[in-house]
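Trainee: structure for this input, please:
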Amino acid sequence: MLYGKRALITGASRGIGRAIAIEMAKQGALVGLNYKNNLEEAEKTYEAIRKQGGQAILLPGDVGDYSTANFLIDSMVQQFGGLEVLINNAGISSIGLFMDMEEEQWNKVFSTNMKGVINTCHAAAKFMISKKQGSIVNISSIWGSCGASCETIYSAAKGAVNSFTKALGKELGGCGIRVNAIAPGVVDTDMNACFNEEEKSDIIASIPLGRMGHPEEIAKLAAFLASDDSSYINAQVITVDGGLL
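Mentor: Modelled structure (predicted):
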């Protein structure tokens, strides 16, 4: 359980981020819901949490900007009195041939998927180190381990998240801060809405469990890694893909 823990979830307006926020609030955490542009969807996450009796605050901002990352951490401390948990979920994808991409596209992907993780971890670690405790969970992807055709830049960014997670976990472990990552496979979220039914069927046929993952399945693992029940798990990248890899 996460009763009384203060948790910031980036990219909490929908999909995996929303599921994590709702699950953590259900387990008693006070949650900060970061979103970049979609206030309407972020409010849906907020209302779902309030409806189940949880506490949450809405925190707009682009994690790719370092001053925003500091604002998010400061807001958690000011409004909830502290921060024990950081979930780096904010992420974007760019599908297409590498040679057809332009610099603006890969800058955008790296700004959110990698620089955003660095920014929030740096801002949060400064506070967590002073308290000698904390759990950081980065949402990565299986493509960060094996790479995906037509998602080259996304794969590169998630691969960087994996290496960063392992290195930072080793660096901060002595300060009582654990850093882990979850590498989901194909999860049924809006990010995969680009596939038509035939493409989805082909993807599902390649998954031994015969289905896509559910956001709630990722959320339960994130909550576990954030809790004291996982107190000896550090610097790990945990794959959740139904046996695809």
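
Trainee: how far does stretch 219-238 stretch from one end to the other?
Mentor: End-to-end span of stretch 219-238 (C-alpha to C-alpha, to the nearest Å): 13 Å.

Trainee: which positions in that stretch come out as buried?
Mentor: By 16 or more other C-beta atoms under 10 Å, the buried positions in stretch 219-238 come out as 219, 221-227, 230, 234-238. Using the backbone N, CA and C atoms, a C-beta is placed for each residue, glycine as well.

Trainee: so which bits of stretch 41-55 are buried?
Mentor: For stretch 41-55, using 16+ other C-beta under 10 Å, the buried residues are Glu41, Ala42, Thr45, Tyr46, Ala48, Ile49, Gly54.

Trainee: now it: how far from the chain's centre is it?
Mentor: The chain centre lies 18 Å from the centre of stretch 41-55; the measure is C-alpha atoms, centre = their mean, to the nearest Å.

Trainee: tell me which strands and helices the one helix or strand Glu41 maps to is in contact with?
Mentor: Counting by DSSP states H and E, the element that carries Glu41 is helix 39-51. Counting contacts by 3 or more C-beta pairs under 8 Å, 6 or more residues apart in numbering; DSSP states H and E, helix 39-51 packs against helix 15-26, strand 30-35, strand 55-60.

Trainee: now tell me what touches the last one from outside.
Mentor: This means strand 55-60. 8, 21, 25, 30-36, 39, 42-43, 45-46, 49-50, 71-72, 75-76, 79-80 (C-beta atoms under 8 Å, 6 or more residues apart in numbering).

Trainee: buried ones only from the residues you listed, please, as a ChimeraX command.
Mentor: Selection of buried members from the contacts of strand 55-60 for ChimeraX, criterion 16+ other C-beta under 10 Å:
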select :8,21,25,30,31,32,33,34,35,36,42,45,46,49,71,72,75,76,80
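
Trainee: wasn't Val179 part of a helix?
Mentor: No. Read with DSSP: H, G, I helix; E, B strand; the rest coil, Val179 is strand and lies in no helix.

Trainee: pretty sure it is in contact with Val161, am I right?
Mentor: No. Counting by C-beta atoms under 8 Å, Val179 does not reach Val161; the two are 10.8 Å apart.

Trainee: what do those two both touch?
Mentor: With C-beta under 8 Å, 6+ apart, Val179 and Val161 have common neighbours Asn138.

Trainee: count the neighbours of Gly243 for me.
Mentor: Using other C-beta atoms under 10 Å, Gly243 has 11 neighbouring residues.

Trainee: do I have it right that it meets Ile207?
Mentor: Yes. Here Gly243 reaches Ile207: they are 6.8 Å apart, a contact under C-beta under 8 Å.

Trainee: dump the residue contacts of the most centrally placed residue in the chain.
Mentor: Nearest residue to the geometric centre of the chain (C-alpha atoms, centre = their mean): Asn89, 1.9 Å. The neighbours of Asn89, taking C-beta under 8 Å, 6+ apart as the test, are Ile9, Thr10, Gly11, Ala12, Ile16, Gly17, Ile20, Ile139.
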